[in-house]
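J.: attaching a predicted model along with its sequence, questions to come.
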Amino acid sequence: MDMDKKDMLERVAKAARRAYMKGFAAGSGGNVSIRIQGQVYISPSGGCLGDLTAEDMIMLEADGFVPSAGGPDYGGRRPSKEAGMHLACYGSRPDILCLFHLHSPYSIAVACRRQEDRGPAMGMPAYTPGYAMRVGRIPVVPYYRPGSRELAEAVSGVICRRDSLLLANHGMVAAGKSPEAVLAVAEEIEENAHLAILLGDQGIPLDEEQTEALFQTGGKV
């Protein structure tokens, strides 16, 4: 394995372990992937993100979930059942190189809340400048069975135009150009979700004028 590929696999595994330590996944929940030189590598099914190593990552074929022929012996392990979702997202966004699907509890909580109207479901208002700048009005994808084609299509249909979303009764998805950048977005989402739950209907979010001022100044004074 060349050094650049090994380095990228080690970086995504390290970011996944950090996500687990932050409580963004439990047990064997969650999955991460990275695109390197046109190939997609994903965490294994049934594995714990807290123990993930570069050697655990499994290379996907473009048309399914089987490790590459002639590749290393994976000992009967299988890629995450969400492999189809990851591949669909990479197919819809040539610019993204990394994707995290996490079961972070506060994000799940806000994605489970009843919506006040019948318009497009939006997860939560922005309570911090970091969240407003990095995430903004995050949509909630309706519940679909994990691993299903319907879920893959719904998620990729959102990721094609933005870098993050919430999954009703399921968690979050974040995408970006590096494992570190994706984890940073996931942290912003979970922090803002925590605030949303703490505040309930008593919170005062940033308004449109305040948010627009952030974008005009690039978040600087």
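T.: Cool, the structure landed.
J.: in what helix or strand does residue 172 lie?
T.: Assigned by DSSP states H and E, residue 172 belongs to strand 171-176.
J.: the lengthiest helix in the chain - contacts with which helices or strands?
T.: Longest among the helix segments of the chain by residue count, using DSSP state H, is helix 179-199. Applying 3 or more Cβ pairs under 8 Å, 6 or more residues apart in numbering; DSSP states H and E, we find helix 179-199 packed against helix 3-21, strand 98-102, helix 105-111, helix 129-134, strand 164-167, strand 171-176. Heads up, the C-betas are built off the backbone N, CA and C, glycines and all.
J.: distance from that helix to the middle of the chain?
T.: 11 Å (Cα atoms, centre = their mean, to the nearest Å).
J.: so after it, what's the next helix or strand?
T.: helix 208-217.
J.: now that next one: buried residues?
T.: Buried residues in helix 208-217, defined by neighbour count with 16 or more other Cβ atoms under 10 Å: 211, 214.
J.: neighbouring contacts of the helix or strand of the chain with the lowest mean pLDDT?
T.: None of the helices or strands of the chain scores lower by mean pLDDT, DSSP states H and E than helix 208-217, at a mean of 85. Residues outside helix 208-217 that contact it (Cβ atoms under 8 Å, 6 or more residues apart in numbering): 126, 129, 132, 133, 136, 206.
J.: same question, stretch 152-170
T.: With Cβ under 8 Å, 6+ apart as the test, stretch 152-170 has contacts from 82, 84-85, 87-89, 91-93, 96, 99, 101, 103, 107-108, 110-112, 121, 123, 135-136, 138-144, 146, 151, 172-176, 185-186, 189.
J.: perfect, that will be all.
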